[in-house]
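**Q** got a predicted structure here, sequence first:
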Amino acid sequence: LRLETFLRRSLEKNEMFLNYQPQVEIDTGRLVGVEALVRWNHPELGLVPPARFIPLAEDSGFINQLGKWVLDEACRQMMRWQAQGLHVPKMAVNLSVKQFERGSIAGMVADILKETGLEPQRLQLEVTESVIMNTGDALGFINDLHAIGVGLAIDDFGTGYSSLAYLKQLPVQTLKIDRSFIKDISTDVNDEAIAIAIIQLGKSMQLSVIAEGVETEEQAAFLLRHGCKLAQGYFYSRPVLAQDMLERWIDH
Ligand code: G
Ligand code: G
Ligand code: MN
Ligand code: NA
C-alpha cells in the first residue's frame with residue numbers, strides 16, 4: 001500500500017525516467033531502433049524494478065498516466081537526439097492492456113505525435129499477444145492505431161495464444177521473438193524449433209522479426225543463419241540512458 005502511495009506521486013516528483021535499448025541489424029551492426037523501458041528511482045526505495053511497479057500501476061489505474069508520460073517522453077527524446085545529430089530510425093514503446101481497456105488510445109497517441117512533431121512511422125507500439133487476445137475490441141483499437149500511421153509489434157511472441165487466423169487480420173509489421181526461446185537456442189531443440197518457426201512465419205506473412213534477449217555471439221549467428229535479421233539484447237547493449245545512446249551511436 002505504501003508502494004502504491006509512492007507510485008502515485010512518482011511522476012510529479014520526477015522519479016520516473018526512461019532507458020533505451022538498441023535494436024540492431026545483426027549482419028551490419030546498424031542501429032535500427034530503440035525500445036523505451038521505464039525506470040523508477042525512489043529516494044528511499046532506490047530503483048524499483050518494473051516487474052514490481054508495472055503490475056501495481058495496472059491494478060491501480062495509474063498506468064494510464066504513466067503510459068502517456070512514457071510515450072510523450074520517448075517521442076520528445078527522438079526529437080532531442082535528432083537535434084543533437086543522432087538519427088534513431090524508430091522508437092518502440094510498450095503498451096499495457098489497461099491502456100486499451102479504457103477505449104481507443106489512438107487519439108492520445110495522435111496528440112502526442114502532433115505535439116512532439118515525431119513522424120508516426122517512426123513510432124512502433126509493442127503489445128503482447130495476451131493483450132491482443134484478452135481485450136474485447138483489440139482489433140478495433142489496433143486498426144485505429146494503424147490508421148494514424150504508427151507501427152505495431154507483437155511483443156513476447158510465442159508465449160501467448162494468438163491463433164494464426166487472428167494474426168492475419170492484424171495490421172502489425174513486426175514479431176518480437178520472446179527471449180525465453182532465445183536463451184537456450186543452440187542447445188535446446190524445442191526452443192530452436194520454436195524460434196525457427198517464428199522466423200518462417202514472419203517471412204511468409206511478410207513481417208519483420210526481431211529476436212529479444214540476445215546475449216551471445218552464438219545466438220546472433222544462429223539467428224542470422226536462420227533468416228532473422230534483427231536483434232536486441234545484452235550482447236549489443238543493455239538498456240541505457242539517452243546520453244549514453246548519443247555517445248555510443250553518433251556517427252555510426
Ligand atoms: O527492463 P525490464 O526489466 O525493463 O522490463 C520489465 C518489464 O516491464 C517488461 O515486460 C517490459 O515490457 C515492461 N515495461 C518496461 N517499460 C514499460 C512501459 O513503459 N510500459 C509498459 N506497459 N511496460 C513496460
Ligand atoms: O517484455 P519486454 O520485452 O518489453 O521487456 C524487455 C525486458 O527484457 C526488459 O526487462 C529488459 O531489461 C530485458 N532484457 C533486454 N535484453 C535482455 C537480455 O539480453 N537478457 C535478459 N535476460 N534480459 C534482457
Ligand atoms: Mn517490449
Ligand atoms: Na518481451
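**A** Alright, I've got the coordinates. Ligands and ions are numbered 1, 2, ... in the order given.
**Q** can you give me the end-to-end span of stretch 230-246?
**A** For stretch 230-246, the first-to-last residue distance is 21 Å (Cα to Cα, to the nearest Å).
**Q** right, I mislabeled it, should have said stretch 6-26
**A** 41 Å.
**Q** Ile148 is in contact with Val109, isn't it?
**A** Yes - assessed by Cβ atoms under 8 Å, Ile148 is found in contact with Val109 at 6.4 Å. All C-beta atoms are positioned from the backbone trio N, CA, C, and that covers glycine.
**Q** quick check: phi and psi at whichever residue of the stretch 1-150 of the chain sits closest to ligand 2.
**A** Residue nearest to ligand 2 within the stretch 1-150 of the chain (Cβ to the nearest ligand atom): Asn94, separated by 5.0 Å. With angles defined as degrees, to the nearest 10, Asn94 sits at phi -80, psi 140.
**Q** so what's the residue count around it?
**A** 22 (other Cβ atoms under 10 Å).
**Q** buried stuff in the longest helix along the chain?
**A** Ordering each helix of the chain by length in residues (DSSP state H) puts helix 63-83 first. Neighbour counts over helix 63-83 (16 or more other Cβ atoms under 10 Å) mark 63-64, 66-68, 70-78, 81 as buried.
**Q** neighbours of Glu218, just the number please.
**A** 13.
**Q** what do you get for Thr187?
**A** 9.
**Q** Provide a list of residues in contact with it.
**A** If you count contacts by Cβ atoms under 8 Å, 6 or more residues apart in numbering, Thr187 has none.
**Q** if we can go back for a sec, and the longest helix of the chain, what does it pack against?
**A** Packing contacts for helix 63-83, counted by 3 or more Cβ pairs under 8 Å, 6 or more residues apart in numbering; DSSP states H and E, involve strand 16-25, strand 31-42, helix 50-60, strand 91-94, helix 97-101, helix 106-116, helix 242-249.
**Q** out of the ones you listed, deepest packed?
**A** Most buried of the helices and strands packed on helix 63-83 by mean neighbour count (mean count of other Cβ atoms under 10 Å) is strand 91-94; its value is a mean of 23.
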